[in-house]
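Engineer: below is the sequence, then the predicted model.
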Amino acid sequence: MQQLEVQSDLTVVGGGLAGICAAIGAARQGSTVALVQNRPVLGGNSSSEVRVWVCGATAHGVQSFARETGIMGELFVENQFRNPLGNPYYWDLVLLEAVRAEPRITLYLNTDVRSVEAADGEIRSVTGWQMGSEKEIRFVSPVFVDCSGDGLVGMLSGADFRTGREPRSQYDESWAPDVPDSNTLGSTILFYSKDAGEPVRFVPPSFARDVTETAIPERRVIRTDMNGCAFWWIEWGGELDVVDDNEAIRDELQAVVYGIWDHIKNSGRFDADNLTLEWIGSVPGKREYRRFLGDHVLTQHDVLEQTDFDDRVAFGGWSIDLHPPGGVYAAERGSKHWHPDGNYHIPLRSLYSRNVRNLWMAGRNISASHVAFGTTRVMATCALLGEAAGVGAAVALRNGLTPRELAHDRFGLLKHALTRADASVLGVVDDDPENVALSATVTASSTLTRPALEVSAGTLPLTTDLGIVIPVDPALDGFELLVDSAGGSLTVELHDPVKAQNYLPAQLVDSCTVEVPTGEKRWIQVPLAWRPAAPSNAFVVLRSTPDISVHTAATGLPGTVHFAHRDPAADEQWSEQFRPWKHILPRGGLCIRLGETAAYAPDKVIGGYSRPYGGPNLWSSEDLAWDSEPWLELTWPEPVELSEIVVVLDADVQEDLINLHHHRTPFETLPTLLAAYDLEVRDGDGPWQRVAEVTDNHHRTQHHHLQTRARATQLRLTTRQTNGAQRAHVVSIRAYSSPQ
């Protein structure tokens, strides 16, 4: 047996999405990282071994403009480009290549951490056994990040933690039980089937459960076209210890899977003669175990009230999603959901141990109550937490700070690092003093100042209330709609969503009733007015009027989103989960003329927010038919020295991407991204010098490191080609004298 010792700045234990993003985030800050994973592949529950969909803040399209950016966003976009069919093995490759692309990360697969050396509230080392190579490896570093899911490192180091469900009295959470217990969410094993093209029989194993002796066929949806995570409800073990009883849980879950397959193949209730099993998982996908205690415990109230933490480092948007402990055998529904009105914030103080000074945590083991954990546990959110913890750990180490000191005394350091990394943080402006772009003025070849959609692609009758979210900057002074009418009047309301990340009506601002004369394709003036204190979104409601139809357009306007209102169906009335406003026209819009706006002005690309928040927060050119190669230009009053230029493009965070394709997005590269552009600089009246040329781009963020530092009074980005959008969009341009 070989015994090795590995020294690094950070040791990250766990190679799921949280650990991957923690390692990459820290490495990009200049730290050396040992990434330790106890499986032969990366990805955790999302890997080809388990095959769970990577869900996050979009909540399968419930939340608006919610898709993650940062490292998780890179993985989504890269997977969309490489893996449009959702092949789980190609997803493994996307993750492996993302880690291997970082030279400061050393990856240790098949390495199971089994012991921790800790003293005086600090971890000194962790030791693991690398299977196959028969090596015992001791990892020594000043900082450790526990992304192991089950939290073994934190537990062995003496970190305070909880398991099970807190009582309602502890945090006054309405979804907490009156009496505390040890119940958790259970584990799941999934399966895939395929059509063999000829009859295939199935002889069930002796241990297969006879599901007809249970209520599974009546309580759960079973169809022959379902695969993978469509069977998320094959869950069990929440009333056991999901670690101590892992083997029994796996055996029971496989017995249930084979029992369900036997029911599909042999009950005579399904057209399944030609179907055969293609894959069945052998590793239970765990949902919940230890949750470590930090300086803040995230609760149901923080999620639903969307608490504005000063130390916010990530966001979520998935519903509070809790399952009955009995899992597949429970009499209750398989899950219950409570959606916040929009994305909520997660603070840095929930990502480090309150009593082990050098322990960070990310993923499903963060400092949250059981109820709040019901939303933070989904993998894309875990990934954001991983990036925040990795960047935070690297920044703290570089500045000689403990996690607590970083959170309470020097949080600005992390805020600027996360902004520069294009991490997923809501409502945080770029005020980094190192970003010299903030002192520039911005001009453009053209700007979308009077947005309109005038070409009809069809009509939509107002048989239900419709909603449209439109940006208001600085004011709204009426707009026009294209309608067909059999006569009558249309009532229109304007609501303030109140929170800048929300896209639902919250406070009525103005309303009017418009007389609509009989006729087709009539533009009608809607005299609603609003001047908010800051750029905002307006939620406009068109009240149901069956004699009137609105015209729809094949394309949409940046920052707009459309809804239809519907009453709850009988099967949705049982829970707080129901949201009456449902997305419609996912890539189109209503035919509308908005009037003059500054919502897409050139100066949106410096400072401000790097994603939709109280508006689209991007520059948009006019139509490419009028401005074929749009450009943006930054001008400084005095020369600046440039060594790094960062360009953030529009990856259309309204588009809901997913790794294994719960749904299929009809393009491999997001059309709103620039496919090709040039960067040029010049000093005074000197000649323009090209410093970067980008072609075939499918990424949101491009970091341009200049080979030699450039002295400049002007910086120009010229669009050569989009990926299909009819206008050029840029979210942010940042410029730095010193490289990161």
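Structural biologist: Perfect, I can see it now.

Engineer: show me the shaky parts of this structure.
Structural biologist: Counting by pLDDT under 70, the chain shows low-confidence ranges at 569-577.

Engineer: what lines up beside the longest strand seen in it in the sheet?
Structural biologist: Under DSSP state E, the strand in the chain containing the largest number of residues is strand 701-722. As defined by DSSP bridges, the strand partners of strand 701-722 come to strand 631-649 (antiparallel), strand 674-682 (antiparallel).

Engineer: buried stuff in it?
Structural biologist: By 16 or more other CB atoms under 10 Å, the buried positions in strand 701-722 come out as 701-704, 706, 710, 712-722. (C-beta placed from N, C-alpha, C; glycine too.)

Engineer: burial count for the nearest residue to residue 534 once chain neighbours are set aside?
Structural biologist: Distances taken as CB to CB, 6 or more residues apart in numbering put residue 614 closest to residue 534, at 6.3 Å, once the chain neighbours are dropped. Neighbourhood size, residue 614 [other CB atoms under 10 Å]: 23.

Engineer: try the one 10 residues further on
Structural biologist: Close neighbours of residue 624, defined as other CB under 10 Å, add up to 17.

Engineer: let me see the contact set for the nearest residue to it once chain neighbours are set aside.
Structural biologist: Among residues not flanking residue 624 along the chain, residue 726 sits closest, at 5.8 Å (CB to CB, 6+ apart). Applying CB atoms under 8 Å, 6 or more residues apart in numbering, one finds that residue 726 lies in contact with 555, 623, 624, 625.

Engineer: same check, this time on residue 733
Structural biologist: Residue 733 touches 437, 605, 606, 632, 634, 645, 646, 647, 648, 715, 717, counting by CB under 8 Å, 6+ apart.

Engineer: these two touch, right, the fourth one and residue 716?
Structural biologist: It stands for residue 632. Yes: between residue 632 and residue 716 there is a contact at 7.0 Å, judged by CB atoms under 8 Å.

Engineer: could you say which helix or strand holds the closest residue to residue 648 other than its chain neighbours?
Structural biologist: Spatial nearest neighbour of residue 648, chain neighbours left out: residue 732 (3.9 Å); criterion: CB to CB, 6+ apart. Using DSSP states H and E, residue 732 sits in strand 729-736.

Engineer: just the CA trace of that strand, in PDB.
Structural biologist: The C-alpha trace of strand 729-736 is given here as PDB (Å, rounded to 0.1, in the frame of the first residue of the first chain):
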ATOM      1  CA  HIS A 729     -27.200  42.300 -27.300                       C
ATOM      2  CA  VAL A 730     -24.400  43.000 -24.800                       C
ATOM      3  CA  VAL A 731     -24.900  42.600 -21.000                       C
ATOM      4  CA  SER A 732     -21.600  44.000 -19.700                       C
ATOM      5  CA  ILE A 733     -18.200  45.200 -20.700                       C
ATOM      6  CA  ARG A 734     -15.500  45.300 -17.900                       C
ATOM      7  CA  ALA A 735     -11.900  46.500 -18.200                       C
ATOM      8  CA  TYR A 736      -9.100  46.000 -15.700                       C
END
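
Engineer: could you give the angle of that strand to strand 631-649?
Structural biologist: Taking axes from the mean of the first three to the mean of the last three CA atoms, to 10 degrees, strand 729-736 and strand 631-649 form an angle of 90 degrees between their directions.

Engineer: starting at the chain centroid, how far to strand 729-736?
Structural biologist: Offset of strand 729-736 from its chain centre (CA atoms, centre = their mean, to the nearest Å): 21 Å.

Engineer: and what of stretch 448-456?
Structural biologist: Relative to the chain's own centre, stretch 448-456 is displaced by 30 Å; criterion: CA atoms, centre = their mean.

Engineer: 27 is where my numbering starts, stick with that
Structural biologist: Right, with 27 as the first residue, what we last looked at is stretch 474-482.

Engineer: from residue 625, how far off is the residue nearest to residue 560?
Structural biologist: Counting by CB to CB, to the nearest Å, the separation of residue 640 from residue 625 is 10 Å.

Engineer: any shared contact partners between those two?
Structural biologist: Common contact partners of residue 640 and residue 625 (CB under 8 Å, 6+ apart): residue 561.

Engineer: can you add mean neighbour count and distance to residue 420 and give the strands paired with strand 727-748 back as a markdown table?
Structural biologist: Listed next are the strands paired with strand 727-748 as a markdown table, based on neighbours: other CB atoms under 10 Å; distance: least, CB to CB, whole Å:
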| stretch | mean neighbour count | distance to residue 420 |
| --- | --- | --- |
| strand 657-675 | 18 | 18 |
| strand 700-708 | 20 | 28 |
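
Engineer: which stretch among these comes nearest residue 325?
Structural biologist: Closest approach to residue 325 among the strands paired with strand 727-748 (CB to CB): strand 657-675, 32.9 Å.

Engineer: just the CA coordinates for the closest one, please, in CSV.
Structural biologist: Coordinates of each C-alpha in strand 657-675 appear next as CSV, following Å, rounded to 0.1, in the frame of the first residue of the first chain:
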residue,chain,number,x,y,z
TRP,A,657,-20.8,48.7,-32.2
LEU,A,658,-20.3,49.9,-28.7
GLU,A,659,-17.6,52.3,-27.7
LEU,A,660,-16.2,53.2,-24.3
THR,A,661,-14.4,56.5,-24.0
TRP,A,662,-12.3,57.7,-21.0
PRO,A,663,-11.4,61.3,-20.3
GLU,A,664,-7.8,60.2,-19.5
PRO,A,665,-5.8,57.2,-20.8
VAL,A,666,-6.2,54.0,-18.9
GLU,A,667,-4.0,50.9,-18.9
LEU,A,668,-5.8,47.7,-19.9
SER,A,669,-4.6,44.1,-19.3
GLU,A,670,-8.0,42.3,-19.2
ILE,A,671,-11.3,42.9,-20.9
VAL,A,672,-14.4,40.9,-20.0
VAL,A,673,-17.4,40.8,-22.3
VAL,A,674,-20.6,39.4,-20.9
LEU,A,675,-23.2,38.5,-23.6
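
Engineer: and residue 455, what does it touch?
Structural biologist: 633, 634, 635.

Engineer: kindly report the same for residue 234.
Structural biologist: Counting by CB under 8 Å, 6+ apart, residue 234 touches 281, 284, 285, 287, 288.

Engineer: closest to residue 556 out of those residues?
Structural biologist: Set against residue 556, the nearest of the contacts of residue 234 by CB to CB is residue 287 (56.9 Å).

Engineer: that closest one against residue 216, yeah?
Structural biologist: No: under the criterion of CB under 8 Å, residue 287 makes no contact with residue 216, lying 11.9 Å away.

Engineer: where does residue 71 sit: helix, strand or coil?
Structural biologist: For residue 71, the assignment made with DSSP: H, G, I helix; E, B strand; the rest coil gives helix.

Engineer: what is the burial count for it?
Structural biologist: Per other CB under 10 Å, the neighbour tally for residue 71 reads 26.

Engineer: likewise residue 501?
Structural biologist: Neighbour tally, residue 501, other CB under 10 Å: 14.

Engineer: list the contacts for it?
Structural biologist: Counting by CB under 8 Å, 6+ apart, residue 501 touches 555, 556, 557, 558.

Engineer: now do residue 307
Structural biologist: Here residue 307 is in contact with 75, 76, 77, 215, 216, 217 (CB under 8 Å, 6+ apart).
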